[in-house]
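*Asks:* coords please:
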Amino acid sequence: MSGQWGEGPARGDDAPGGLTTGGSDAGVPQPRAGGRAEARRAAQGKGAPGKNTQGRGAPGTGAPGNGAPGRGAPGRGGPGRGAGPAAEASAAGGRAAARNSRKPKKNVKKIVAWSAAGVLVLIAGAGGAIYLKLNGNIKSFDADAIATDRPPEAQADADGNKPVNVLLIGSDSRGKDNSDLGGGEDGGARSDTTILLHVYADHKHAVGISIPRNAKVTIPPCKLPNGKWTKGATSDLFNAAFSTGGSDDGNPACTQNTVEKLTGIRVDHTIVVDFQGFSAMTKAVNGVDICLPKPIYDNDINPKLTKRGNLVLPQGKQKVEGQKALDYVRLRHGLGDGSDIGRMKRQQAFLGSLASNIKGQGLNPTTLLPLADAATKSMVVDPGLGSADKLLSFGLSLKNIDMHDLKFVTVPWRYRTQDMDLDIVESDAKKLWDTIKADRTIDGQNATGEQTAAPGSPAATPAPADPTSPPAAPADAGNSAVKVSVYNGTTSTGADGRASELLKAAKFTATKAGTAAGTKYATTMVEYGSGQKANAEKVAALFPGAKVEAGSSAGVIVIVGKDFVAANGGAAPSTAAGAPAAAAAPAPLPTSVTNDARSADDDICANTSYGSGG
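*Replies:* I've put the predicted structure just below:
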């Protein structure tokens, strides 16, 4: 919703639910009496305008991997750096005793570093008051509002590895004290930002998928605050789901139901953060690095102003927190074509930078407790995350994700011909959802958490050499860093499996990916992504006559052709009777997804706008 200093849904801003069809600036409230400068001076108790501007902004979402973002920046008397678990444990008998009390048992098959019970012990050791304070902050929505007709839960593998899907929602609610930060007095709440975060079963990879707020989607029946259920809508703006019912807290259950309907993916947890929570989080981590291609002025934040106004955010790299961080993640005008697409790019860059900041400080209770105290006072979560130990445990479970393996993408979309809203490109989006369901990374790698056999085990021992097989390339210790996805481009059963074994024998990290989109490949193909040509040529040496071409996906992909099958004695034996067939791997992702993917460690100055205009 368009507020005094911030932007809400791109369309339908003047009615709860985004149901009107006016332009993006329709229904924007006029500035409060006295204007921006007077409001800022009054808020700061200063007489001179132009510093630390206030009265605008909006939330982003909780940062991936912070689990329970919190309130109260370190050094403000709350549970900050001076009052973490280590300090309290020291007072109770020394750090060594505290460490010894937390040592895991030896000779255990699988050690869970920070389980919910472990985190609870840490919190209790830091003082029951902290735990009770955090627990009292957390507000969860009604479990009865979650749809009963849901996608199935992901199944754990033999090692207990299981992916987790978390819906992150940034609310633009002006309720409570948020109107000062959001700069408007409009009732209700809308979802300024929505990202579906998929944490892979190996808990070493994650991908955040941005869903445009002005995309047309089907909204299923949702529960209203009065207990009744809506009939749903076959085509409405995505952010209308969150505003269903007109509550200042929004309707996160309705958004969760809508995402499950859209994706076919079960949402395990939902986290909503409003203006206050987002602002407090950025202060708790001592600011977040951003970068702008152009300077931003008052009238970029509020296009209704007739003059450019004061400088809000300068061009180039800078660190922001609080109000200025809100300005950045809500900014639409003044950059690119002024669309939500560019804003989502900046939000992805911001979240990547925030996650890198938290990771750099150390993903541990000492870091997470200030975040937890900051955000939980302005947070709404699903019932499954409705306690401090669960939130912190979830945050700590993400500590092994490398920032390069935290990716951000946007649901494939296109502009509608009749207006400036968006349609989701269903065929491409389905490939993305199928990839997530199969626990494949966006470059096609298997991240289910299944472990390969240890060296020297029977399963790892290569089969005896077949004189009819193509010559294997010399084993290279560097090959293990090359990840190869293998698809069967023929109707011969098991061809991809034999190709995978050939690659593994040459020390490549190969994954049997299943059947290719087509099964009439006469010649084996080796496709490569950016910077992978040399590795692709090494792989192709194992497949005489293979064609090497640049592809649309990252990494290296082998599509086995009939030439490989012929050189290896024809079709392999069929699956034994009664044995379950292996699930087919999803088709490679379209370039609309892979070419625009962002890693959390990417240059913060790159890819932060869309369209012409800088």
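
*Asks:* switch to C-alpha atoms for all contacts and neighbour counts from now on
*Replies:* OK.

*Asks:* wait, residue 385 sits on residue 391?
*Replies:* Yes: between residue 385 and residue 391 there is a contact under CA atoms under 8 Å: 5.7 Å.

*Asks:* between those two, which one's more packed in?
*Replies:* residue 391 (26 against 23; other CA atoms under 10 Å).

*Asks:* distance of that one relative to residue 408?
*Replies:* Taking CA to CA, to the nearest Å as the measure, residue 391 and residue 408 are separated by 22 Å.

*Asks:* mind listing the strands for the stretch 401-550 of the chain?
*Replies:* In chain order, the stretch 401-550 of the chain shows strands spanning 406-410, 413-415, 422-424, 483-488, 509-515, 525-528, 547-550, with DSSP state E, counting those that start in this stretch as the criterion.

*Asks:* show the average pLDDT along the second one.
*Replies:* Put plainly, it is strand 413-415. What strand 413-415 shows for mean pLDDT is 92.

*Asks:* which elements pack onto that strand?
*Replies:* Using 3 or more CA pairs under 8 Å, 6 or more residues apart in numbering; DSSP states H and E as the contact test, the elements touching strand 413-415 are strand 422-424.

*Asks:* equivalent analysis for the third one, please.
*Replies:* For strand 422-424, the contact count by 3+ CA pairs under 8 Å, 6+ apart identifies strand 215-219, strand 413-415 as packing neighbours.

*Asks:* residues contacting the nearest residue to residue 448 once chain neighbours are set aside?
*Replies:* Closest residue to residue 448 apart from its sequence neighbours, by CA to CA, 6 or more residues apart in numbering: residue 201 at 4.8 Å. Residue 201 is in contact with 161, 162, 163, 164, 439, 447, 448, 449, counting by CA atoms under 8 Å, 6 or more residues apart in numbering.

*Asks:* out of those, which is most surrounded?
*Replies:* Scoring the contacts of residue 201 on neighbours with other CA under 10 Å, the highest-scoring entry is residue 439 at 27 neighbours.

*Asks:* doesn't residue 449 make contact with that one?
*Replies:* No: taking CA under 8 Å as the definition, residue 439 is not a contact partner of residue 449, at 9.0 Å.

*Asks:* now the common contact residues for these two.
*Replies:* 200, 201.

*Asks:* before we move on, back to that, the contacts of residue 201 into CSV, with extra columns for pLDDT?
*Replies:* Output for these, formatted as CSV (pLDDT from 0 to 100):
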residue, pLDDT
161, 83
162, 89
163, 94
164, 95
439, 91
447, 86
448, 81
449, 70
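
*Asks:* what strand or helix carries residue 324?
*Replies:* helix 322-330 (DSSP states H and E).

*Asks:* and that helix, what does it pack against?
*Replies:* Helix 322-330 sits against helix 275-284, helix 340-361, with contacts defined as 3+ CA pairs under 8 Å, 6+ apart.

*Asks:* in terms of secondary structure, what does the very next helix or strand once past the last one contact?
*Replies:* Counting by DSSP H and E, the element after helix 340-361 in chain order, helix or strand, is helix 365-376. Helix 365-376 sits against helix 85-91, helix 128-137, helix 275-284, helix 388-396, with contacts defined as 3+ CA pairs under 8 Å, 6+ apart.

*Asks:* hmm, back to that, just give me the closest of the contacts of residue 201 to residue 557.
*Replies:* If you rank the contacts of residue 201 by distance to residue 557 using CA to CA, residue 447 comes first, at 16.0 Å.

*Asks:* doesn't residue 207 make contact with the closest one?
*Replies:* No: in this structure, residue 447 is not within contact of residue 207 by CA under 8 Å, at 11.5 Å.

*Asks:* got any residues that touch both of these two?
*Replies:* Taking CA under 8 Å, 6+ apart as the criterion, residue 447 and residue 207 both touch residue 441.

*Asks:* surely residue 608 is in contact with residue 340?
*Replies:* No: under the criterion of CA under 8 Å, residue 608 is not in contact with residue 340, lying 11.6 Å apart.

*Asks:* which helix or strand in the chain has the lowest average pLDDT?
*Replies:* With mean pLDDT, DSSP states H and E as the measure, the helix or strand of the chain carrying the lowest mean pLDDT is helix 85-91 (a mean of 42).

*Asks:* in the stretch 101-250 of the chain, where is pLDDT below threshold?
*Replies:* By pLDDT under 70, the weakly predicted segments of the stretch 101-250 of the chain are 101-131, 157-158, 173-190.

*Asks:* ok, the stretch 501-614 of the chain next?
*Replies:* Counting by pLDDT under 70, the stretch 501-614 of the chain shows low-confidence ranges at 512-513, 569-585, 613-614.

*Asks:* so where do the helices sit in it?
*Replies:* Using DSSP state H, counting those that start in this stretch, the helices of the stretch 501-614 of the chain run over 533-540, 562-567, 591-594.

*Asks:* and residue 420, which of these is closest to it?
*Replies:* In this view, the helices of the stretch 501-614 of the chain are compared for proximity to residue 420 by CA to CA, and helix 591-594 is the closest at 19.2 Å.

*Asks:* about what we covered before: how about the contacts of residue 201 in TSV, adding distance to residue 488?
*Replies:* Formatted as TSV, those follow (distance: CA to CA, whole Å):
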residue	distance to residue 488
161	27
162	27
163	26
164	29
439	19
447	20
448	20
449	23
